[in-house]
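1. Build the 3D model from these lines:
(chains A and B)
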2 protein chains.
Amino acid sequence: MLVVKLGGAAGIDFQPLVADVASLIHSGEKVVLVHGGSAAADELSHKLGYPPQHFFSPSGVKSRYTDKKTLEIMLMACAGQLNKLLVAALQAQGVNAVGLTGLDGQLITAKRKKAVRAQKDGRVIVIRDDYSGQIEHINSGLIQLLLQADYVPVISSFALSEEGEALNVDADRVAAQVAVAIKADALVLLTNVPGLLQNPADHSTLIDRIAESALASYEDVAQGKMKKKLLAAKEAVAGGISQVIIADARKKLPVSQALAQEGTVITP
Amino acid sequence: MLVVKLGGAAGIDFQPLVADVASLIHSGEKVVLVHGGSAAADELSHKLGYPPQHFFSPSGVKSRYTDKKTLEIMLMACAGQLNKLLVAALQAQGVNAVGLTGLDGQLITAKRKKAVRAQKDGRVIVIRDDYSGQIEHINSGLIQLLLQADYVPVISSFALSEEGEALNVDADRVAAQVAVAIKADALVLLTNVPGLLQNPADHSTLIDRIAESALASYEDVAQGKMKKKLLAAKEAVAGGISQVIIADARKKLPVSQALAQEGTVITP
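-> Below you'll find the predicted structure:
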């Protein structure tokens, strides 16, 4: 069993990925796909005249400000458009995909971050209308129910709060938690770079292998979104996943090449 | 087992429906929900500066013109926003809802209408870029898989074409075909009027009971969307459903009151 997190950044053509995943599935592999969709959400936000906003935590981590309107725009772009176009593309390749969000069947429950600390004009402010969450539980039963009936789950990274609200959750972390919950053999985190780079400007500085015990020493190397991928990798390995591969979504066979260790491989 | 098609028209508050459905489910009823979302799609279309377009068939039936861009807008509004907000509202009432479109798991397959005849300026033209379809098959296996595991399917009315394309399909017809496929005990078609009215302007002229054999004689009474509801009712009864109730979505307990025969009841 394999969990693959798609690259959500702008400009990634998902046809090679879909074809690669289809051939893995047709050869008997069980696969669960997870996707975000920040680029699609940004695009729709701009079109609707409600541009995306971000904030920085006191420690400097950048996050999307997700008020109720932003959350609905994200549901439209990610759960409506992207998820369904992915499902259709997979179906066209003979893969019986089922698109879900974490809301569906309580697939992902999360705790809403009701007070988020952020930097503003040099001061720390508290944001109280943010609809993002910290993952609490994965309903592996629903994923297994579908896999056993030969369906391929395609999960859009939203979660359900205790109060029954839709929440935005980080897709890399979703992929890690899903992998742990279903005891996957590997987790592939696709992105638009070849893996973790010693120097982000130089693709030849790929770090090809990291043991879990050494992960902490790479935290400063990782920039931006790569920080969240390392965190997800750490959670997955700590949860029993024997390999996490951070790999390039733009390759010809992105998942197969990741499984052939092209990328940054994180192991226990 | 019960299939309920929600009213998709503008201004219908779905909280009473959600509460009513939740109490039926908590008392042991198995329910499948089906929804369209034309009002939500229209709203989003306008916001995106791509207003909805319609056409009339040579026989005078009004349909939505669904080019690729319109279809994507519909996926966003119906499968993304409306479906997920419904799922969240049901979850908040303790109902373990799973939102799906007909694309997911090949729940609904349809034949794309590749050449649609329409009236334009007094002539008949052929529309070739429409992504709407005629329902061919319902995957009742997936619905039963979910129902047996105590999930409540909430189906957004899109279908998958043979070529793996997303298609728009009529939600009333989806509800009828789903009811037939799972051998439901009843089909409730909710709308924003009390049922079929002899005189659409006078709500006291409700036709409370129609036998299938007499349906044809009411075809001229039905106006606009009601025509499609009668067609759906006919298909359902012909497929073995023992009662179809066209009822008012705006009542306090819309489904329970429909089951208590408040509305137009169509029987074999």
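2. Count the neighbours of the one residue in the stretch 101-250 of chain A that gets nearest to chain B for me.
-> The minimum distance from the stretch 101-250 of chain A to chain B, using CB to the nearest CB, falls at A:G164 (2.6 Å). Every residue, glycine included, has its C-beta placed from N, CA and C. Residues lying near A:G164 (other CB atoms under 10 Å in any protein chain shown) number 16.
3. And the pLDDT at it?
-> Confidence at A:G164, expressed as pLDDT, is 94.
4. Contact partners for the residue nearest to it when sequence neighbours are not counted?
-> Ranked by CB to CB, 6 or more residues apart in numbering or on different chains and with sequence neighbours excluded, the top spatial neighbour of A:G164 is B:A92, at 2.6 Å. For B:A92, the contacting residues are A:163-165, by CB atoms under 8 Å, 6 or more residues apart in numbering or on different chains.
5. Output these in JSON lines; the columns should cover secondary structure.
-> Listed next are the contacts of B:A92 as JSON lines, based on DSSP: H, G, I helix; E, B strand; the rest coil:
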{"residue": "A:E163", "secondary structure": "coil"}
{"residue": "A:G164", "secondary structure": "coil"}
{"residue": "A:E165", "secondary structure": "coil"}
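6. Of those, which is the nearest to B:S157?
-> A:G164 (23.9 Å; CB to CB).
7. For the closest one, what are phi and psi?
-> Here is the backbone geometry of A:G164 (degrees, to the nearest 10): phi 80, psi 30.
8. Ok, A:E162 next?
-> phi -60, psi -30.
9. wait, it sits on A:K111?
-> Yes - A:E162 sits in contact with A:K111 when judged by CB atoms under 8 Å, with a separation of 7.2 Å.
10. ok, back up a step: pretty sure the residue of the stretch 101-250 of chain A closest to chain B contacts B:V87?
-> No - using CB under 8 Å, A:G164 is not in contact with B:V87; the gap is 9.3 Å.
11. coming back round to it: if I look at the residue of the stretch 101-250 of chain A closest to chain B, how far off is A:L190?
-> 32 Å (CB to CB, to the nearest Å).
12. Give the next helix or strand downstream of the helix or strand where A:L189 lies.
-> Per DSSP states H and E: A:L189 is located in strand A:186-191. Sequence order places strand A:209-211 as the next helix or strand after strand A:186-191, per DSSP H and E.
13. residues of that next one that come out buried?
-> A:I210 (16 or more other CB atoms under 10 Å in any protein chain shown).
14. who's in contact with it?
-> A:196, A:218, A:264-268.
15. ok, that strand: who's next to it in the sheet?
-> strand A:264-267 (parallel) (DSSP bridges).
16. Excluding its own residues, what touches the partner strand? List them.
-> By CB under 8 Å, 6+ apart, strand A:264-267 touches A:195-196, A:206-212, A:215, A:230, A:233-234, A:237, A:242-247.
17. Mind checking which of these are buried?
-> A:195-196, A:206-207, A:210, A:215, A:230, A:233-234, A:237, A:243-247.
18. Looking at chain A, which helix is longest?
-> helix A:225-238 (DSSP state H).
19. Leaving out the residues flanking it, which one is nearest to A:Q15?
-> Closest to A:Q15 by CB to CB, 6+ apart is A:A89, at 6.9 Å.
20. nope, A:S140 is what I meant
-> Nearest one to A:S140, counting by CB to CB, 6+ apart, is A:A181 at 4.0 Å.
21. what's the longest helix of chain A packed up against?
-> In terms of contacts (3 or more CB pairs under 8 Å, 6 or more residues apart in numbering or on different chains; DSSP states H and E), helix A:225-238 is packed against helix A:171-181, strand A:186-191, strand A:244-248, strand A:264-267.
22. could I get the ones you listed as a markdown table with mean pLDDT?
-> Formatted as a markdown table, these follow (pLDDT from 0 to 100):
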| stretch | mean pLDDT |
| --- | --- |
| helix A:171-181 | 98 |
| strand A:186-191 | 96 |
| strand A:244-248 | 97 |
| strand A:264-267 | 98 |
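23. Looking at the ones you listed, spot the one closest to A:H54.
-> helix A:171-181 (16.3 Å).
24. residue ranges with poor pLDDT in chain A?
-> Within chain A, the segments meeting pLDDT under 70 span A:8-12.
25. Helix or strand: which one has A:V21?
-> Assigned by DSSP H and E, A:V21 falls in helix A:15-26.
26. follow-up on the earlier one: mind checking which helix or strand the residue nearest to A:Q15 is in?
-> With DSSP H and E as criterion, A:A89 is part of helix A:83-92.
27. what's downstream of that helix, the next helix or strand?
-> strand A:97-101.
28. Toward the C-terminus from that next one, list the very next helix or strand.
-> Next along from strand A:97-101, by DSSP H and E: strand A:108-112.
29. So that following strand, near chain B or not?
-> No - Strand A:108-112 does not reach chain B (CB under 8 Å from any CB of the partner chain); its nearest approach is 9.5 Å.
30. From A:G240, how far off is the residue nearest to A:A238 when sequence neighbours are not counted?
-> Distances taken as CB to CB, 6+ apart place A:E212 nearest to A:A238, at 7.1 Å, with adjacent residues excluded. Distance, A:E212 to A:G240, by CB to CB: 11 Å.
31. Then A:L160?
-> 25 Å.
32. more crowded one of those two?
-> A:L160 (30 against 11).
33. got a list of what the more buried one touches?
-> A:L160 touches A:102-103, A:106, A:108-110, A:166-167, B:88, B:91, counting by CB under 8 Å, 6+ apart.
34. And for stretch A:43-56, what's in contact with it?
-> Contacts for stretch A:43-56 (CB under 8 Å, 6+ apart): A:10, A:41-42, A:62-65, A:69-70, A:73, A:76-77, A:81, A:116, A:118-120, A:127, B:47-48, B:76.
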